[in-house]
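Undergrad: predicted model and sequence below, questions to follow.
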Amino acid sequence: MSSRELGVDEHIVIKTLVMEDEAKRPMLVLMHGDRDVSTRNLARQAGKKTIVPCAPDVAQKHTGYLVGGTSPFGTRKAMPVFMERTIADLDRIYINGGRRGFLIALAPADLVRALSPTLVDAAQ
């Protein structure tokens, strides 16, 4: 895992997940590397009936990135971004820069400024 290579806690390595709602509308979900997403809690907070992970080929079509190298920046199409609320409390995070194994470090405030994510409580 990238956290081991960087010598940082997996909690501050943020994964970018591509998911879709019941109408197949895509969205990005930013989650701590050591947590999973409760799709039930996320759907409730997003006002959706269901949310499920996209198939890898669908995720690539939406973002333009290969799975494992998905970045929330510069996606092929604009889509809503949901971010686990506690990410904003960290001093520094590491997030994918658009290629497998290419992580960038930044302050969560910069991520919030660039992406305007909806903050959610969906970690499990």
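TA: In hand now; what should we look at?
Undergrad: all strands of this structure, in order?
TA: 13-21, 26-32, 51-53, 81-84, 93-99, 102-106, 118-120 (DSSP state E).
Undergrad: which of those sits closest to residue 63?
TA: The stretch from the strands of the chain with the least distance to residue 63 (C-beta to C-beta) is strand 13-21; that distance is 6.0 Å. C-betas here are computed from N, CA, C, even on glycine.
Undergrad: ok, that closest one: who's next to it in the sheet?
TA: Strand 13-21 has the following strand partners under DSSP bridges: strand 26-32 (antiparallel), strand 51-53 (antiparallel), strand 93-99 (parallel).
Undergrad: just those strands: most buried one?
TA: Across the strands paired with strand 13-21, the average number of neighbours (mean count of other C-beta atoms under 10 Å) peaks for strand 26-32, which reaches a mean of 21.
Undergrad: now that one - C-alpha only, CSV.
TA: C-alpha atoms of strand 26-32 as CSV (Å, rounded to 0.1, in the frame of the first residue of the first chain):
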residue,chain,number,x,y,z
PRO,A,26,-21.8,9.0,-11.1
MET,A,27,-20.2,10.6,-8.1
LEU,A,28,-16.8,10.6,-6.4
VAL,A,29,-16.4,9.6,-2.8
LEU,A,30,-13.3,10.5,-0.8
MET,A,31,-12.6,8.3,2.1
HIS,A,32,-9.8,7.5,4.6
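Undergrad: what lies in contact with it?
TA: With C-beta atoms under 8 Å, 6 or more residues apart in numbering as the contact definition, strand 26-32 has outside contacts at 10-21, 37, 42, 46, 51, 54, 58-59, 62-63, 72, 75, 77, 79-84, 86-87, 95, 111, 117, 122-123.
Undergrad: picking that back up, residue 68: which of the strands of the chain is closest?
TA: Closest to residue 68 of the strands of the chain is strand 93-99 (C-beta to C-beta; 8.4 Å).
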